[in-house]
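Enquirer: Got a sequence here, can you model it:
(chains A and B)
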Amino acid sequence: AQKVTQAQTEISVVEKEDVTLDCVYETRDTTYYLFWYKQPPSGELVFLIRRNSFDEQNEISGRYSWNFQKSTSSFNFTITASQVVDSAVYFCALSGGWGFGNEKLTFGTGTRLTIIP
Amino acid sequence: KAGVTQTPRYLIKTRGQQVTLSCSPISGHRSVSWYQQTPGQGLQFLFEYFSETQRNKGNFPGRFSGRQFSNSRSEMNVSTLELGDSALYLCASSFVGGPENEQFFGPGTRLTVL
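Expert: Predicted structure coming up:
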C-alpha cells in the first residue's frame, strides 16, 4: 500500500523567510512518481512538480526547490524568500508505476502555509 | 486554452437524494479522474476514465459511479446521499493518462448534504 505523510499540519512564517515543507512516502513499487500540488483558497489544485523514482536530482524553479532522497523516502519542498501569495495548502502526492492504470494519486494530508506580511 | 471546468460549483442536497456532477476536460485530453476531498479523509481517488472506459477505481461504495462520454466529458453520480458525502469533488484531466503525464485539476464542486 502507498502512503504519504506530511507531518506539518500548519506552518506560519514571516514574509521573506525561507520555509521547508516535509513529505515522507511509503511504497513497495520500484517505479513511482512524486508530486507537489498547491491548493489556494479557490480550491483548484495547482501542479508544481513531478519527479520519478529514478531521478534524484534536486530541482530549483525560481524561489521553489525540491529535495528528493530515496534513502530516507523524502521529497521536501522549500520556498525561499516567501511571499504572501505563497499562502495556501500544499499537498505531496505519490503514484505508482508507469503508464495507464497508474493515474491514481495518493495524497498526504496537506500542510497549510500562512505567510505573515 | 480553457482549463478543466466543473459544474455546478456549489450544490446543496438532502440525505437520500442523488446528485450528478459534471467535468469537462481540457480540449484534447482523454483521461479524466475524480477525487473527493473532505476534512476528515483528505483527498481520495474515486475513479479514472479513458475513452469511455473506467480504468481504475478507488475504495468507495457502489453509490458512487461515473461515466465518460465520447467527447471525453465525464459525470459522476452519487445515489442515496449521506451526510458524509459532503465534500469538495475535484476532477482532473490529462492527455492520455499515466502518472508521467501531468494532471490538470478543475476548481471542484462543493457538495453539501443536509
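
Enquirer: Direction included, what does the helix or strand that contains residue B:55 pair against?
Expert: In the assignment (DSSP states H and E), residue B:55 maps to strand B:53-57. Note on strand B:53-57: by DSSP bridges, its sheet partners are strand B:42-50 (antiparallel).

Enquirer: which residues are in contact with the strand it pairs with?
Expert: Applying C-beta atoms under 8 Å, 6 or more residues apart in numbering or on different chains, the external contacts of strand B:42-50 come out as A:91, A:93, A:100, A:103-110, B:30-38, B:54-60, B:64, B:66-68, B:74, B:76, B:89-90, B:96-97. Every residue, glycine included, has its C-beta placed from N, CA and C.

Enquirer: Up against chain A, what does chain B have?
Expert: Counting by C-beta under 8 Å from any C-beta of the partner chain, chain B comes close to chain A at B:31, B:33, B:35, B:42-45, B:48, B:50, B:55-56, B:58, B:88, B:90, B:92, B:94, B:96-100, B:102-108, B:110.

Enquirer: PyMOL command for the buried members of those?
Expert: Buried residues within the residues of chain B next to chain A, by 16 or more other C-beta atoms under 10 Å in any protein chain shown, are selected in PyMOL with:
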select buried, chain B and resi 31+33+35+42+43+44+45+48+50+55+56+58+88+90+92+94+97+98+99+103+104+105+106+107+108+110
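
Enquirer: so where's chain B uncertain?
Expert: Where chain B drops to pLDDT under 70, the residues are B:1, B:97, B:99.

Enquirer: show me where pLDDT drops low in chain A?
Expert: Within chain A, the ranges that satisfy pLDDT under 70 run A:97-102.
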